[in-house]
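Colleague: Sequence isn't available, so here's the structure alone:
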């Protein structure tokens, strides 16, 4: 148990996370509304859409603010795991699964995967994709 805690602490200490870049000295009652409006305008440019038709479908998306994913799952017991939260780069992806018991696991993004479209037709298919 001690090793696990040590590894987690080491991981968190070397993880480069983009912190909030806010100059708190310049935020006051006059400027806060402009600040909020600027954040909402940036977020309005991006968004994801999930359409599922069937029973027991699952889509777990861990995305950054600049990722636009379109997911369509038609059938039963389909699962999508999409993780793109470790980068701040823009990414547009489309994933379609038609059939039953399909698993699609996509982690990361790079210049090759930007604009990628994944179409899976059939039953009992599994796709693992890693983009670093």
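Modeller: Structure's in. What do you need? Because the structure is predicted, anything quoted here is derived from the model rather than measured.

Colleague: In contact with residue 47: list those residues for me.
Modeller: Listed by C-beta atoms under 8 Å, 6 or more residues apart in numbering, the contact set of residue 47 reads residue 68. For glycine as for every other residue, the C-beta is placed from the backbone atoms N, C-alpha and C.

Colleague: what separates it from residue 92, distance-wise?
Modeller: Going from residue 47 to residue 92 by C-beta to C-beta, to the nearest Å gives 11 Å.

Colleague: overlap in contacts of these two?
Modeller: In contact with both residue 47 and residue 92: residue 68, using C-beta under 8 Å, 6+ apart.

Colleague: all helices for this structure, in order.
Modeller: For the chain, the helices defined by DSSP state H occupy 2-14, 32-44.

Colleague: pLDDT weak spots in the protein?
Modeller: 1-46 (pLDDT under 70).
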